[in-house]
Each structure stands twice: as C-alpha cells, then as structure tokens.
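Chemist: just a sequence and a predicted model for now, questions to come.
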Amino acid sequence: GVTVAIVDAYRDPKAVANLASYRSHFRLPPCTVGSGCLRIVNQAGRAGPLPKPNIGWAVEQSLDLDMVSAICPHCHILLVEARSASVANLGRAEDTAAARARFVSNSWSGGEFIGETAYDRYFNHPGDAIVFAAGDFGYGAQYPSDSPYVTAVGGTTLRHVRSGRRRWTETVWGSKRGLGTGSGCSTLEAKPSWQSVDDTAPTGCLNRTGNDVAAVANPATGVAVYDTYRTGGTWGEVGGTSVATPIITSVYALAGTPARGSYPASYPYQHARTFYDVTSGRNGICEPDRQYLCHGERGFDAPTGLGTPNGTSGFSARGTAAVTVVDPGVQDIGVGAGVNLTVHAVDTNGSATTLSYHATGLPNGLTIASAAGSLDGVISGTAPGSPGTYPVTVTATDSHTGKTGTTHFTIYVLPSMTAPAADLGAGSVVADSGGEYGSSCLSVANQNTGTTVQMYYCDDASVSQQWEYLAGAQPGSPGELTITSGVCLGLAGADAVLQSCDGSPGQQWEYVPVIKLTGSGSVTLLVNPASGKCLNGGNLADGTNVVVSHCSAASSAYGENWLLPDGPLLSGVPGLCASTATPPSVTSACALSSTSTWQSYTGAYSGQSGCLNAKNLLDGPIGLAGCSGAGLDPYMTWLPGPGGELINAASGRCLADPGSGPSGTALAQQDCYGQPGEIWGFN
C-alpha cells in the first residue's frame with residue numbers, strides 16, 4: 001500500500017494496458033486505476049488534461065512502471081506526467097509527486113548548467129526519498145542528480161556466475177562508444193554534509209560527488225520491459241540508469257517510511273557496510289590522481305557510490321542522525337561586505353521549533369545565531385577589511401533531545417574586484433555589427449549628469465566615447481560603466497542617461513555572453529539585473545537614444561551586441577591579474593599594458609598571443625590559441641559563474657591560478673571550488 005511516485009514528461013497513452021500485461025506475465029498482483037493502486041496525473045496533480053503523447057518518453061514510463069512493479073509488487077504507483085521536458089515543468093511535477101508520495105523516482109537528467117541551483121528547491125523535500133538517474137553518457141556530472149538533496153543512482157553491468165556466495169558479479173557500466181553511467185565532481189553544487197567520504201583536495205572532490213549508490217543499467221545485461229505505444233512490438237530489453245533509478249526508489253519503499261525532518265539521501269552513508277562493493281570497470285577517462293571518479297574501486301567511487309543494495313537496510317531511517325545541517329557551500333565575500341547567510345537544518349524531533357547554533361572558525365566581525373521561528377541559523381555581521389581564508393564548522397543542537405548535527409565549509413574574504421585606483425585607460429563601447437570600423441559606439445554630448453546617452457559613429461579620439469567598465473567590488477556582482485570619475489551610465493525609466501555614481505540598481509550592468517555553439521550569431525549583452533532588460537542601441541543610426549528593452553539575444557539585434565574596452569582580468573588573489581604571456585599566467589604587473597590587457601567578446605578572452613584555450617576536458621594547464629572562431633569554439637568560451645568564476649563551456653571547469661600561487665604561476669582549469677585563484681573581475 002505504500003506509494004512510489006514516478007516523474008516523467010509527456011504522456012504514454014498505453015501506460016495502463018502495458019502495465020497490466022507486464023504484471024500479468026510475471027504473475028504479479030494487478031495494479032489498476034479502478035482499484036486505486038495506479039494513479040496517473042498531470043504536473044498540477046489533476047487527472048486531466050494529460051499532456052501530449054511522446055514515443056521516447058512512453059518507453060521511459062513503461063520502464064519505470066515495470067521496475068517499480070518488479071521490486072515492490074505490493075506498492076501503489078503514482079505516475080506524474082509533466083507538460084514538457086523542461087526543468088521547470090518537471091520540477092513542478094516533482095513538487096506534485098512529493099506532496100502525494102514519500103518515494104519519488106526520476107529517470108531523467110542532463111548536463112550541468114549555470115543557474116541550475118535556482119531549481120534545487122524542487123528537489124528539497126526533507127522526509128521524502130527523492131531519487132535521480134546519473135545519466136547514460138559516461139564520465140561527467142549531471143543535473144539534477146548532483147543536487148545535494150537527492151540520492152544519485154549510478155549504473156552497473158550485472159552478470160550471473162556459477163560460483164561464489166552471491167552468484168552474481170557487478171562492474172561499472174561503461175563502453176568505448178561513450179555510453180555508460182554518469183559520474184563526477186559537480187561544478188556548481190555544494191557537497192552534502194553527509195558525503196564526507198571524499199572531502200579532500202586535490203585528490204578528492206570538495207563539491208557534490210555523483211553518485212551515492214547504483215544498480216543494474218547496462219543495456220547488454222538489461223531488463224525486460226513491455227511497451228506497445230508506436231513500437232510495433234511488445235517486449236524489449238532496456239538499460240540505462242533509467243532502470244537503476246526506479247529499482248533504488250522501490251528499495252527505499254521496502255526499507256520503511258523515512259523519518260520526517262531527515263534527508264533519506266544520507267541514509268546509505270550511515271549504513272555504508274550494507275552494500276555490495278563494485279570494485280572494477282570504468283565509465284570514461286578522468287584525472288590520474290582521481291581515478292575513483294571514473295573507475296570502480298574498493299570502497300566509495302563516483303560511478304557506483306557506496307555500491308548496490310544488499311537487502312534494504314542501507315536505505316532505512318533506523319539508526320540515522322536526528323539533526324542534519326545542510327552545507328551552504330563555499331562562501332566568497334568581499335572585504336568589508338555585509339553578511340547575512342542562512343544555514344538550513346532539519347530535525348526528526350517533530351516538536352522542535354528552534355535549534356541552538358555554535359560555529360568555530362568564523363572571521364572576526366561575524367557571528368551565528370538561531371533564526372526566529374525556524375530550525376535555521378543565521379551568520380551575520382561585517383566581513384574583515386583584509387582578505388583571508390576561514391574554514392568554518394557549524395553545529396546545531398536540539399536542546400530537548402541533546403542531538404546535534406554538523407557541517408563544514410570555507411569562507412573566503414576576497415579583495416575588491418573593482419580596478420585599482422591607477423588609471424587603466426578607457427575606450428569605446430561598441431555596438432558590434434561585424435567589426436569596430438563602421439560600427440556605432442555609446443556616446444554623450446557632454447559628461448554632465450542628466451545627459452542622454454546616444455549612438456554615434458565610432459571615433460577612438462573622441463572623449464565623448466571613452467568609457468571604463470569596472471567590475472563590481474563583490475565577487476560575481478554587476479559592474480559600472482563610467483564616462484569620467486564619479487559619472488556612470490544609469491537609467492531614468494527606460495532611457496540611458498549619465499548619473500552620479502551611487503551604486504543604485506539602475507547603474508548595475510552584467511556583461512553576459514549568449515553562446516550559440518551551433519551555427520552563428522553569438523552575442524554579448526549588457527544586462528541590467530534589476531530590470532532583467534538589456535542595453536539597446538536600436539538601429540545604431542547617429543543620434544539614436546540608448547534605452548533598455550527586453551533581451552532578444554538575436555544575432556540580428558546589433559543594438560544589443562556589445563564590445564567593451566580592453567582591460568585587465570583581476571584575480572581574487574590580492575595584487576594579481578591574468579597575464580597574456582605564453583603560457584598564460586598570473587602577474588603582479590596589472591597596469592594597462594600589452595601583457596595584462598584582454599579583450600572579452602562572446603565568452604572568449606583574447607590577449608597579445610591569442611585566446612585562452614582549455615584544450616581538453618580534464619584538469620590541467622590551459623594555453624593560448626588563434627582566436628578564429630572564438631565565441632563558437634567551446635574550448636575558448638568562458639561563461640561567468642555565479643561567484644565571479646569563469647567556467648569553460650566544454651569542460652565545465654574553472655579558469656584558475658592553481659593554489660592561488662605567486663606571480664608567474666601558469667593558469668590552469670580545475671574543479672570550481674570558489675577559491676581565490678578561481679575568482680576574476682574583468683575591468
């Protein structure tokens with residue numbers, strides 16, 4: 001009678017009939033809509049209207065329904081069909097499923113993307129087992145399986161053998177064709193406080209590691225699935241982590257009801273000895289000093305996590321921690337910045353209304369206290385006036401039961417990302433229509449406040465077109481466009497005008513590349529975060545007033561496509577910036593010169609010897625390459641991360657000064673941990 005929910009996209013018109021045939025064949029008890037055993041709803045939780053049919057997702061639904069039936073024949077099943085395969089619609093379906101079931105299976109995933117953490121709220125359901133597939137394209141982190149709130153399920157090759165106590169062997173599922181279970185170290189997601197098994201650097205992963213557990217997934221050792229929707233047949237042999245995920249979700253259901261106020265994803269780590277260890281096989285190529293990320297090894301490894309189920313006890317709430325503190329992840333804070341950081345916690349003691357908090361390692365000026373009316377804690381105060389590194393431990397205590405929970409994270413206090421006081425030069429802000437010559441530039445008739453900003457033919461000698469773009473002082477914060485000291489480009493309604501610089505929302509601009517890696521037409525926008533709109537020079541004709549408007553990001557919208565003046569890339573390490581030398585390195589000579597001046601355009605950074613080029617998908621040194629095709633070549637494309645990182649579009653790794661080293665240290669790409677050497681400000 002326990003309900004297992006399945007979240008998929010679109011509709012399978014044959015779902016009810018196919019499930020009946022599968023269960024009948026294996027002599028399982030019927031599970032019908034009429035009996036209440038099976039329910040099918042849309043993402044809003046209603047019986048209708050259901051979304052449009054889709055052949056691919058129909059196979060997925062048959063697989064999910066069949067595997068839940070196979071592992072837990074007496075479970076009820078709730079199938080939630082999302083309107084489409086967008087993360088937003090699948091996320092709404094997730095909320096619907098979690099409101100109606102304690103166990104939710106998700107056999108869908110995709111690559112990581114900047115901004116994914118905004119969707120984590122759909123998967124943060126304490127007390128419910130939210131289970132996700134790791135994906136089927138080999139080594140590489142996947143989302144949402146790398147969300148810290150879910151159980152990530154990898155895949156194995158399962159074979160029967162004639163001898164041994166178990167009579168089965170398992171290896172990591174992987175193939176030379178690039179298929180295999182997903183796994184890896186997340187670029188963007190914080191490490192759960194309960195996943196301390198590989199919390200080391202540089203040979204471990206300081207972010208979320210996928211995966212937690214595993215089950216059979218290799219299509220060559222796959223499972224029987226009954227599906228007739230436009231397949232021209234009935235039975236098929238199916239594999240993928242889409243098989244493993246409903247299997248694991250159903251084992252959670254067999255293990256018993258999760259404790260309210262807990263994260264069931266933590267249970268396997270508290271019963272780590274109750275799994276079959278998978279010690280061989282690989283799903284790709286990873287760094288030599290971190291082979292566990294793509295190889296099966298004794299103990300924990302990323303492709304299979306702790307291993308595969310040996311019974312149900314590894315998924316039980318019995319004997320698990322009562323208080324859990326959620327790791328907030330690395331915190332990058334500018335010097336002297338105000339801090340208000342919420343640290344979330346849950347407690348299985350349902351009568352608890354507050355927890356007491358204690359922290360060690362906080363920077364001077366910061367304290368922690370219980371949040372009124374919740375189980376959370378709040379770190380607040382003002383960051384120190386000089387940079388520093390602070391390993392922090394936070395402990396939450398239930399005063400009624402004496403139970404505690406702990407998490408560890410790092411606070412980095414970083415220097416201002418705004419250009420130093422020395423004049424770094426200025427230049428034209430070009431609305432690019434295929435090159436600076438013949439293009440139009442931001443221009444003002446004078447430098448007085450209140451002056452309307454207009455478009456005029458570019459003239460490098462004109463003081464009316466000499467702008468500086470200054471990165472925000474805080475890591476990853478928007479910057480300012482100044483025409484002279486103390487005078488900024490701001491907004492009066494929808495119009496761009498000159499204003500006295502005061503840091504107001506209308507004076508904040510983010511330089512955002514929109515990369516189209518197929519075809520052409522990549523653009524770089526100047527976005528005002530407060531309005532969500534883009535700076536727009538219209539048709540670029542002389543005298544056209546500059547405004548903000550909804551961002552189209554179309555390659556034909558030349559008035560939205562901007563080229564900023566050249567400038568330095570300031571490091572989060574005090575006094576350093578990126579040098580354009582070969583190989584690219586960091587330097588303390590940050591004055592405007594040929595060795596420290598970069599041009600940023602459609603995500604590429606070009607210097608005197610070429611564009612920053614990641615060269616490969618793994619951690620290691622980067623180089624410089626000819627900029628032909630920059631903005632379309634993912635290895636030369638660096639996307640702005642949420643905390644001032646520059647993340648390579650091909651590898652998902654960060655531009656880094658490894659070890660935050662001294663002047664002359666060669667630049668590299670590495671996991672994005674928010675360390676000072678990974679934070680940059682383009683000025």
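Modeler: Right, received. Where do you want to start?

Chemist: need the helix or strand of this structure with the lowest average pLDDT.
Modeler: Sorted by mean pLDDT, DSSP states H and E, the helices and strands of the chain end with strand 599-601, the least confident at a mean of 89.

Chemist: what are the pairing partners of that one, and which direction each?
Modeler: strand 604-607 (antiparallel) (DSSP bridges).

Chemist: avg pLDDT for the longest helix belonging to the chain?
Modeler: Longest helix in the chain, counting residues (DSSP state H): helix 55-71. Across helix 55-71, the average pLDDT comes to 97.

Chemist: now that helix: how far from the chain's centre is it?
Modeler: Computed by C-alpha atoms, centre = their mean, to the nearest Å, the chain-centroid distance of helix 55-71 equals 28 Å.

Chemist: now do the buried residues in that helix.
Modeler: Buried positions in helix 55-71, judged by neighbour count with 16 or more other C-beta atoms under 10 Å: 57-71. All C-beta atoms are positioned from the backbone trio N, CA, C, and that covers glycine.

Chemist: so where do the helices sit in the stretch 1-150 of the chain?
Modeler: In the stretch 1-150 of the chain, the segments counted as helices under DSSP state H, counting those that start in this stretch are 15-25, 55-71, 87-98.

Chemist: the longest helix of the chain versus helix 15-25: what angle between them?
Modeler: 40 degrees (axes from the mean of the first three to the mean of the last three C-alpha atoms, to 10 degrees).

Chemist: contacting residues around Lys615?
Modeler: With contact set as C-beta atoms under 8 Å, 6 or more residues apart in numbering, Lys615 has these partners: 621-623, 625, 635.

Chemist: go with 7 Å
Modeler: 622-623, 635 (C-beta atoms under 7 Å, 6 or more residues apart in numbering).

Chemist: how about Ala541?
Modeler: Met455.

Chemist: before we move on, what SS does it have?
Modeler: With DSSP: H, G, I helix; E, B strand; the rest coil as the basis, Ala541 sits in coil.

Chemist: before we move on, back to that, what helices or strands is the longest helix of the chain leaning on?
Modeler: strand 3-9, helix 15-25, strand 76-82, strand 223-226, helix 241-255 (3 or more C-beta pairs under 7 Å, 6 or more residues apart in numbering; DSSP states H and E).

Chemist: JSON lines for these, including distance to Asp95?
Modeler: As requested, those are exported to JSON lines (distance: least, C-beta to C-beta, whole Å):
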{"stretch": "strand 3-9", "distance to Asp95": "10"}
{"stretch": "helix 15-25", "distance to Asp95": "21"}
{"stretch": "strand 76-82", "distance to Asp95": "10"}
{"stretch": "strand 223-226", "distance to Asp95": "28"}
{"stretch": "helix 241-255", "distance to Asp95": "17"}
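
Chemist: closest one to Thr354 among these?
Modeler: Comparison of the helices and strands packed on helix 55-71 against Thr354 by C-beta to C-beta identifies helix 241-255 as nearest, at 29.7 Å.

Chemist: quick one: mean pLDDT over the closest one.
Modeler: In the prediction, helix 241-255 has an average pLDDT of 98.

Chemist: immediately after it, which helix or strand?
Modeler: The helix or strand immediately downstream of helix 241-255 is helix 267-270, counting by DSSP states H and E.

Chemist: following the chain past that following helix, name the next helix or strand.
Modeler: strand 275-276.
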